[in-house]
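Participant: Need a 3D model of the sequence below.
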Amino acid sequence: MFDTISALTLARMQFAFTVSFHFIFPAFSIGLASYLMVLEGLWLKTGRDVYHQLFQYWVKIFAITFGMGVVSGIVMAYQFGSNWAVFSDRAGPVIGPLMAYEVLTAFFLEAGFLGVMLFGLDKVGKGLHFAATCMVALGTAISTFWIISVNSWMHTPQGYGINAKGQYFATDWLAVIFNPSMPYRLAHVLLAAYMTTALVVGGAGAWHLLKDRRARVAPSEGTRIMFSMAMWMAAIVAPLQIFSGHLHGENTLEHQPAKIAAMEGHFFSYRGGPDGGAPFIVMGLPDDDAQVMRYAVEIPKLGSLVLKNDIEAPITGLDAYPAADRAPVAITFWSFRIMVGLGLLMVAMGLWSLWARWRGRLHDSVWLHRMALMMGPAGFIAVLAGWTTTEVGRQPFTIFGLLRTADSVSPLAAPAVAASLLAFVVVYFAVFGAGTWFIIRLMGHEPHPGESGPSRGDSGRAGQSISPVAVDAVLAE
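Facilitator: Numbering: from 1, shown residues only. You can find the predicted model right below:
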């Protein structure tokens, strides 16, 4: 088996597996930290105990999520040295300092105040505790800033030179940090994190509303409030995310047009003019070998309108680039459509919630609750689909236009990489599977008066886990 799969392919599979697992947790903890800050701020401002209940309810989940994000992130540094040593050597003088800035300005900030946020409410006072919560939320945002700066530089490198050893080094740190795609990517990722959190919170609230309806009991005030807050967030953030994605797409068209061609499934270029313009391919079967789109369902000229705001604009296809510089179309094409499709569903749910709220039926609309429950994991799926689109679309480069992926890998034998990949698969599913199960179990009980924080453990009212069987039973009711 290992004779037929190259070390490069296995190294890419391993990195894709570990980074996908890793980003699930920051995507949730970034938004959840801000949600906790809002909850505690509302508690201090209004004095209503329900906001304190919700804070205590979600801070336990945040602690586990944050811990799993840190542990899974350590592996990424390990892989840079083990599987991608050439890349680390060539790009280290640029990427190394940026990663160090992330640790110094963000991780230390989060870690320093995390203990106060988790265990210090009864020890430091409400004001200082709220300040600690704000610092944790700020730290997650700063961490995102530096990580996105690193990733964006790999897509749109600028402000660099090359020394005699072939290493890239910074000639202008501001140009490196604020590279052309960085602002768009940062906005898109932050909004995705907030949307992911809103969907999880809304899904948990919907679960309890449906369960209470089935049991013919009144939902708690905490359940009603967290569902309402989640729906407000969905209604506001989902359209902003679509808009930020469009701006990001326009920026990508300017700096990485071959990636856009792969995302849109444009194997061939389209001329402009009244008889020209590119269609928007809704769906189809990309054939990378033949470089054609089979069974395409198209909307004429919409592709030109979306990409260049002109239905007659010419669009460059993959045929304008050397075959060796073209990204895999099938994966990029479909991952992009998964992300966009889920984004449109999020917008639809947000609009539905506004309609239900206007009619005074937000907490009584069973089908809205069912949709919110089913959309609970949609943010994670959309985030992974988005990262798949941007990273596979960058191929065959690790640093776009400068360093090829095939030239970045360590000189390792395929069996060695395969062994570590199998070990990661087993350990990740065991460790993070157990952590995820515990998070779902924590969400299985309804927020209630006297909700305890992480320092005192759960209150003993764990209730029912949100298992697939339980979800089926609630949805079928």
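Participant: Strands of the stretch 101-250 of the chain, residue ranges please.
Facilitator: Along the stretch 101-250 of the chain, counting by DSSP state E, counting those that start in this stretch, strands occupy 160-162, 168-170.
Participant: Tell me which of these lies nearest to D89.
Facilitator: Proximity to D89 (Cβ to Cβ) singles out strand 168-170 among the strands of the stretch 101-250 of the chain, at 10.1 Å. Heads up, the C-betas are built off the backbone N, CA and C, glycines and all.
Participant: Summarise which helices and strands that closest one is packed against.
Facilitator: The helices and strands touching strand 168-170, judged by 3 or more Cβ pairs under 8 Å, 6 or more residues apart in numbering; DSSP states H and E, are helix 85-102, strand 160-162.
Participant: Rounded mean pLDDT for it, please.
Facilitator: When pLDDT is averaged along strand 168-170, the result is 93.
Participant: Excluding its own residues, what touches that strand? List them.
Facilitator: Strand 168-170 is contacted by residues 90-91, 93-94, 97, 157, 159-163, 176, 399, 402 when judged by Cβ atoms under 8 Å, 6 or more residues apart in numbering.
Participant: quick one: W207 and L373 touch, right?
Facilitator: Yes. The pair W207 / L373 is scored as a contact, 5.5 Å apart, by Cβ atoms under 8 Å.
Participant: Mind listing residues that contact stretch 389-409?
Facilitator: Surrounding stretch 389-409, the residues in contact under the criterion Cβ under 8 Å, 6+ apart are 7-8, 11-12, 16, 83-84, 86-87, 90-91, 153-157, 168, 185, 256, 259, 262-263, 324-328, 331-332, 335-336, 339.
Participant: got the buried residues for it?
Facilitator: By 16 or more other Cβ atoms under 10 Å, the buried positions in stretch 389-409 come out as 389-395, 397-400, 403, 405, 408-409.
Participant: Next, give me the two most distant ones among the residues you listed.
Facilitator: Longest distance between any two of the buried residues of stretch 389-409 is 22.3 Å, between T389 and V409; criterion Cβ to Cβ.
Participant: so N179 makes contact with W153?
Facilitator: Yes. In this structure, N179 is within contact of W153 by Cβ under 8 Å, at 5.0 Å.
Participant: So which of the two has more stuff around it?
Facilitator: Set side by side, N179 and W153 show more neighbours around W153, with 28 against 23, by other Cβ atoms under 10 Å.
Participant: Let me see the contact set for the more buried one.
Facilitator: Here W153 is in contact with V94, I95, L98, V176, I177, N179, M182, I399 (Cβ under 8 Å, 6+ apart).
Participant: try 10 Å
Facilitator: Applying Cβ atoms under 10 Å, 6 or more residues apart in numbering, we find W153 in contact with 91, 94-95, 98, 159-160, 168, 170, 175-182, 399-400.
Participant: Give the burial count for the nearest residue to Y270 once chain neighbours are set aside, as a bare number.
Facilitator: When the adjacent residues along the chain are set aside, Y270 lies closest to A278, with 4.0 Å between them (Cβ to Cβ, 6 or more residues apart in numbering). Per other Cβ under 10 Å, the neighbour tally for A278 reads 30.
Participant: Check whether A278 sits in a helix, strand or coil.
Facilitator: Under the three-state scheme (DSSP: H, G, I helix; E, B strand; the rest coil), the conformation of A278 reads as coil.
Participant: Roughly how far does it sit from G81?
Facilitator: Distance check for A278 against G81: by Cβ to Cβ, to the nearest Å, it reads 43 Å.
Participant: what does F400 give?
Facilitator: 22 Å.
Participant: can you check L186 too?
Facilitator: According to Cβ to Cβ, L186 and G81 sit 27 Å apart.
Participant: Looking at the two, which is more packed in?
Facilitator: Neighbour count, other Cβ under 10 Å: between L186 and G81, L186 has more, with 21 against 11.
Participant: how many neighbours does the nearest residue to that one once chain neighbours are set aside have?
Facilitator: Take L186 and drop its neighbours on the chain: the residue closest to it by Cβ to Cβ, 6+ apart is I148, 4.7 Å away. The local packing of I148 (other Cβ under 10 Å) involves 20 other residues.
Participant: so what's I148 up against?
Facilitator: Per Cβ under 10 Å, 6+ apart, neighbours of I148: S181, M182, P183, Y184, R185, L186, A187, H188, V189, L190.
Participant: Neighbour-wise, give me the winner out of those.
Facilitator: Once you tally neighbours by other Cβ under 10 Å, V189 ends up highest among the contacts of I148, having 25 neighbours.
Participant: That one: what's it in contact with?
Facilitator: 23, 26-27, 30, 144-145, 147-148, 151-152, 244, 248, 383, 386-387 are the contacts of V189 under Cβ under 10 Å, 6+ apart.
Participant: Sitting in helices, which of those residues do you find?
Facilitator: When DSSP state H defines the helices, the subset of these inside them is 23, 26-27, 30, 144-145, 147-148, 151-152, 244, 248, 383, 386-387.
Participant: quick one: the closest residue to M443 other than its chain neighbours from A372, how far?
Facilitator: Ranked by Cβ to Cβ, 6+ apart and with sequence neighbours excluded, the top spatial neighbour of M443 is A204, at 4.6 Å. Taking Cβ to Cβ as the criterion, A204 is separated from A372 by 9 Å.
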